[in-house]
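# Quick one: sequence plus predicted model below, questions after.
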Amino acid sequence: MKVLVIGASGFIGLPVAQALVRAGHTVYGLTRSAEKAKQLAADEIIPIVGQVTETAPLLALVPTLDVIIEAIGGTANLRAVSVDLLQAISDAAKTSRPAQGPKLSYIYTSGTWVHGHNTREYVSDTTPLTSPVELVAWRPAVEQRVLSDSVLNGIVIRPSLCYGRSGSLLATAFESAAQGKAMWYGYPNGRLATVHPDDLADVYVRAAERAQTLGGIAFDVGNDSTESVVDFLMKLTEVSGAQGYELREPSNAFEQALGATNLLRPYLAKSLLGWQPKKAGLVDGLGVYYAAWKASQDSQQPKERLFAKV
């Protein structure tokens, strides 16, 4: 297959692009940085340097691609960018691809925060999205635009909170622990739905390879069990040598999202894709994950953090 990963140097996009290359596919990767383009090329990913709003280089590939994976993050006005990008690719596919051929598959990266905060009821891939957290209240509508597009073969993947590597959003907790006191947002009964980026990347590869049979489906992606926020902070205190921990009540939309509980029980990735997570869970492997975060900080010149999508 020929696959384009938009956001290929990001915390989600890079493992996805690397996994696709290992699976034998031709992979193009959009990145905003010439320096990161060198990293992509070293990983046998064909780099495209530019802003996601500069669509001409991307649209030129549309006639020959099999799959596009949208994994952008850290972009101002993400909703508008996502909608405009989807429309531009849909329009290009309509005019540049043969009507009798297979549809171009478009995999959109959302997130399990669309399920909102709920400490009592389990949610899964097919649970109606009635109360997303405020920070991503716009995402369900964008998901529906992807899934219902008449030209593209739309698929949605919703990662839960990612851990490992440079820490993603959990870097906030690691930084506080390194400074002496582990801190996270939420409540004592809170639980985290989590997934390692390597396991997440496996879902993208499987979905891309089976995309022609999966149009219109949204996949939640998370480990078999959620993690206690208190257990996470206690373990982080232990592995970091911090002097205790603090569970802070959220004070804004971003902190509310970080503190949101999803009692996630996804099933479609397992039943339709044959997927099973392999990495140790957040708490069980936290010593390794904290060490990986520390090493990533030491190796970044200048210091830079890669955030997951919201």
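The structure has been received and is ready for your questions.

# show me what contacts Gly244?
By C-beta atoms under 8 Å, 6 or more residues apart in numbering, the contact set of Gly244 is 181-182, 237. Placement of C-beta: from N, CA and C, glycine included.

# And it, what's its pLDDT?
Note on Gly244: pLDDT of 96.

# 356 is where my numbering starts, stick with that
Renumbered: residue one is now 356, and that last one reads Gly599.

# how far away is it from Gly642?
18 Å (C-beta to C-beta, to the nearest Å).

# that older thread, show the buried residues in the contacts of Gly599.
Under a neighbour-count criterion of 16 or more other C-beta atoms under 10 Å, the subset of these counted as buried comprises 537, 592.

# Any buried residues in stretch 455-463, and which?
458-463.

# and if you look at stretch 566-583?
Buried positions in stretch 566-583, judged by neighbour count with 16+ other C-beta under 10 Å: 566, 569-570, 572-578, 581-583.

# Check stretch 615-624 too.
With burial defined by 16+ other C-beta under 10 Å, the residues of stretch 615-624 counted as buried are 615-617, 619-621, 623-624.

# Not counting that stretch itself, show me its contacts.
Residues outside stretch 615-624 that contact it (C-beta under 8 Å, 6+ apart) are 467-468, 470-481, 488, 515, 541-542, 544-548, 558, 561, 572-577, 581, 630.

# Following the chain past the helix or strand hosting Leu627, name the next helix or strand.
Leu627 is part of helix 623-628, with elements assigned from DSSP states H and E. Proceeding C-terminally, helix 623-628 gives way to helix 641-654 as the next helix or strand, assigned by DSSP H and E.

# CA-only coordinates of stretch 612-629 in CSV, if you can.
Coordinates of each C-alpha in stretch 612-629 appear next as CSV, following Å, rounded to 0.1, in the frame of the first residue of the first chain:
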residue,chain,number,x,y,z
ALA,A,612,-9.7,16.5,30.3
LEU,A,613,-6.6,15.1,31.9
GLY,A,614,-8.6,14.2,35.0
ALA,A,615,-11.5,12.6,33.1
THR,A,616,-12.4,9.0,33.9
ASN,A,617,-13.4,6.6,31.1
LEU,A,618,-14.3,3.1,32.3
LEU,A,619,-13.3,2.0,28.8
ARG,A,620,-14.1,-1.5,27.5
PRO,A,621,-13.3,-1.3,23.8
TYR,A,622,-14.0,-4.4,21.7
LEU,A,623,-14.1,-3.6,18.0
ALA,A,624,-10.3,-3.6,17.5
LYS,A,625,-10.1,-7.0,19.0
SER,A,626,-13.1,-8.5,17.2
LEU,A,627,-12.6,-6.9,13.8
LEU,A,628,-8.8,-6.5,13.7
GLY,A,629,-7.5,-9.3,15.9
